[in-house]
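**Q** Pasting a predicted model and its sequence here:
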Amino acid sequence: MRAGYYGDYGGRFVPEILHATFEELTGAFEAARVDPGFWAEYRAVMGEYSGRPTPLTYAGNLTRHLGGARIYVKREDLNHTGAHKANNVMGQGLLARRMGKSRVIAETGAGQHGVATATMAARFGFRCTIYMGEKDVQRQRPNVFWMEQLGAEVVPVQSGGRILKDAINEAFRDWVSHMEDTHYVLGTACGPHPFPAMVVWFQSIIGEEARLQILEREGRPPDRVYACVGGGSNALGIFSGFLDDPVELVGAEAGGRGLETGLHAARLASARGVPGVAQGYKTYFLQDPDGQMLETHSVAAGLDYIGVSPILADLYERGRVRFDAVTDDEVVEALSLTVRTEGLIPALESAHAFALAFREIPRFPEDAVVIINQSGRGDKDIFTVADALGDLKWRDFIRRKAEGYRA
Amino acid sequence: MLETLLRQRLEEKDLLVMAHLVAGYPSFPEGLRLIEAMVAAGVDMVEIQIPFSEPLADGPVIARANQKALERGATVGQCLDFAAEAAQAFDIPFLVMTYYNIPYRYGLEAFAEALRARGLKGAILPDLPVEEGSACFGALRRRGLSPIVLFSPLTSPERMRTLAGAADGFVYCVARKGVTGAVTCFDNGLAAYLTRCREATRLPLAVGFGLKDREDIGFLRGRAEIAVVGSELMRCMERGGPEDARRFLEELR
Ligand SMILES: Cc1ncc(COP(=O)(O)O)c(C=O)c1O
């Protein structure tokens, strides 16, 4: 098999000007991967700075409420900055330092990856620019605020649908002009080789921990693992711990307003995604018959993406990972239930995994065991969730706050 | 064959001009008028960009033109027919420039056949490196069409020779790092780079990215065979239509 390919997917489709940069990055990654010192340093940083290992929390109330499998939640929300994004970002930061770069750039959808990158840049002393679709800037303002406080420049991207994919294009455009001193911290397991392999390597810390933790608690691997799938980094992170076990791996995609409406980002579950090449790699994309990328929709900005990790595309075709989609409404409902029964506040992205699990768990035998990956925490979504729930007290608060500023 | 056509033209002129436009922008009829103006101004070759929703290698001016053309409903089929109309009406070589997903979705053999049947001479695919491009390059070559290979200032001499092995028609030398549309320094660095390009291939060299005036063109004389004008031409067209585009091209020489 060719390097950087997963079955028929992956590859490296980049303009010639980036060829040398990708060779340099691949070389640095391959060297780090075989250097036990690097992984030790990575784990040390994640322990000391990000709070790893994150716990595996038994969700007893949800288990009783749903009356099926025993439910465990892997708590990536407890990473510093509140999402699994920290794992990837700190790893790439260590690599960028090894390569002698002084500046990092990143794209962000929900803003979690942008905040994580800005945090890493602050700690390592890199200059930092974050590209974010104008539409996402509007709906994820709290994260924009923090990125700026952390010293990053946030560039609202006006092109295309003004969401995540457009931010990725802008980041690549920046990179082709500044690759000598700049590392592009791609946020998910997508993009040209070696990004998918590299991001999954860093995120595999989730699965490595989760496997040890569940063996300790239950004495065996779980029956199923659920994770949401935007680009696929948190999903592959946890799945990678169980690929060799007889565990069913399930990816929850954004069903948006419903698959029949076309307003969704379910590339695999909708059967609407088809193989193509864009943003530097080959995978399933939501595109029209001409090959133009479609607009996507999700209540969760971090899942609102046209492509999916080439590694997941391959696992899907080989039948190793099953995909399904949940709607925005199901997600908000699952979020509310989780908040009320367990006092856990998953991000809207993560709530997709919960929603799909809740749909299926009641049909499970009681001795079954399930892990749900809580990829991030929901604080950032307060505006979106308050809107979705129609919370009048919150609306009133915002109105008074705005009036205060007007005065 | 494209190289032969170019060599013939180079017997009369020492530096050819290739102009760029986006099919369907501002509209198909205006595009044809623009090509007419280009030809009247003495342009020697035209690259017609089939718009793509993710134009990764293009700067703001051309990226926006891509988006506008798509918003106005341009389809790949219409763009190919537009290119065919141009190739039929004007006696200069026309190439297609686009991103790899367009031929990939169309079907590589079918796409190459569509170009051949429409009288086009080759294809420029900036996101298709030769390592990934053998099927596409083969489909084009088998029909006598030229897959255009790109060099960049960061391409090593060894790699230039490898790339040259897959090249046909001419080699497109990207003048600087970055996307289309920003300023390029026409300096010693560029001259040295073009010397390296020259040592790697016997094909004509085209230089693009950032050309904007007569001085830039003068710099290329004796260093390359083809000057490529894109973003600046599009800016002129946006300001004053085909007439301004024509004046701009005439002032270049
Ligand atoms: C909390 C959270 N979960 C999940 C995702 C989706 O990304 P991925 O599929 O790469 O894990 C995001 C992306 O922004 C996120 O912020």
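**A** Structure received. Numbers count the residues shown, from 1 in each chain, chains lettered A, B, ... in the order given.
**Q** secondary structure element for residue 171?
**A** If you meant another chain, say so; for now it's chain A. Assigned by DSSP states H and E, residue A:171 belongs to helix A:164-178.
**Q** Sorry, I should have been clearer: chain B.
**A** According to DSSP H and E, residue B:171 maps onto strand B:171-174.
**Q** Would you map the strands across the chain?
**A** This is for chain A. Per DSSP state E, chain A carries strands over the ranges A:5-6, A:9-10, A:56-58, A:70-75, A:103-108, A:127-133, A:153-157, A:182-184, A:224-228, A:248-256, A:274-278, A:281-285, A:321-327, A:369-374.
**Q** My question was about chain B, not that one.
**A** Using DSSP E, the strands of chain B run over B:16-22, B:45-49, B:94-97, B:122-124, B:146-151, B:171-174, B:205-208, B:226-229.
**Q** Check the ones you listed for me and report the most buried one.
**A** strand B:171-174 (a mean of 28; mean count of other C-beta atoms under 10 Å in any protein chain shown). Backbone N, C-alpha and C define where each C-beta goes, glycine included.
**Q** How about it and chain A, any contact?
**A** Yes. Strand B:171-174 is in contact with chain A by C-beta under 8 Å from any C-beta of the partner chain, via residue B:174.
**Q** Is it correct that residue A:152 is in contact with residue A:116?
**A** No. Residue A:152 lies out of contact with residue A:116 (C-beta atoms under 8 Å); the separation is 10.8 Å.
**Q** which stretches of chain B have low pLDDT?
**A** Applying pLDDT under 70 to chain B flags residues B:180-181.
**Q** center of it - which residue?
**A** The centroid of chain B falls nearest to residue B:47 when counting by C-alpha atoms, centre = their mean (4.2 Å).
**Q** so it touches residue B:23, yeah?
**A** No. Residue B:47 is not in contact with residue B:23 according to C-beta under 8 Å; the separation is 10.4 Å.
**Q** Can you get me a residue count around whichever residue of chain B sits closest to the ligand?
**A** Of all residues in chain B, residue B:54 sits closest to the ligand, with a separation of 18.6 Å (C-beta to the nearest ligand atom). Residue B:54 has 28 neighbours, counted by other C-beta atoms under 10 Å in any protein chain shown.
**Q** Which single helix of the chain contains the most residues?
**A** Unless you meant another one, I'm taking chain A. helix A:195-218 (DSSP state H).
**Q** Not quite, go with chain B.
**A** helix B:231-252.
**Q** That helix and chain A in contact?
**A** No. Figure legend: helix B:231-252 not in contact with chain A (C-beta under 8 Å from any C-beta); closest approach 13.3 Å.
**Q** Quick one: distance of the strand holding residue B:171 to the chain centre.
**A** Distance of strand B:171-174 from the chain centroid (C-alpha atoms, centre = their mean, to the nearest Å) equals 9 Å.
**Q** can I assume residue B:35 is in contact with residue B:22?
**A** No. Shown here, residue B:35 and residue B:22 do not form a contact pair, counting by C-beta under 8 Å, at 12.0 Å.
**Q** what residues does the stretch 151-253 of chain B put near chain A?
**A** Contact residues, the stretch 151-253 of chain B versus chain A (C-beta under 8 Å from any C-beta): B:151-156, B:159, B:163, B:174, B:177-179, B:182.
**Q** Mind doing that once more with 10 Å?
**A** Taking C-beta under 10 Å from any C-beta of the partner chain as the contact definition, the stretch 151-253 of chain B meets chain A at B:151-156, B:159, B:163, B:172-174, B:176-180, B:182, B:209.
**Q** Which ones among those map onto helices?
**A** Among those, DSSP H puts B:159, B:163 in helices.
**Q** Now the buried members of the residues of the stretch 151-253 of chain B next to chain A.
**A** B:151-155, B:159, B:163, B:172-174, B:176-180, B:182, B:209 (16 or more other C-beta atoms under 10 Å in any protein chain shown).
**Q** which residues touch the residue nearest to residue B:33 when sequence neighbours are not counted?
**A** Leaving out its chain neighbours, the residue that sits closest to residue B:33 by C-beta to C-beta, 6 or more residues apart in numbering or on different chains is residue B:242, at 4.7 Å. Residues in contact with residue B:242, defined by C-beta atoms under 10 Å, 6 or more residues apart in numbering or on different chains, are B:30-38, B:40-41, B:236.
**Q** go again using 6 Å as the cut-off
**A** By C-beta atoms under 6 Å, 6 or more residues apart in numbering or on different chains, residue B:242 lies in contact with B:33-34, B:37.
**Q** Where does chain B get nearest to chain A, which residue?
**A** Going by C-beta to the nearest C-beta, chain A is nearest to residue B:105 of chain B, at 3.3 Å.
**Q** I figured that residue hits residue A:292, correct?
**A** No. The criterion here is C-beta atoms under 6 Å, and residue B:105 misses it with residue A:292 at 8.9 Å.
**Q** Return the distance of residue A:136 relative to residue B:63.
**A** Residue A:136 is 19 Å from residue B:63, where distance means C-beta to C-beta, to the nearest Å.
**Q** what's the answer for residue B:233, then?
**A** Note on residue B:233: its distance to residue B:63, by C-beta to C-beta, is 15 Å.
**Q** Excluding covalently adjacent residues, which one is nearest to residue B:81?
**A** In space, residue B:81 is closest to residue B:118, 7.6 Å off (C-beta to C-beta, 6+ apart).
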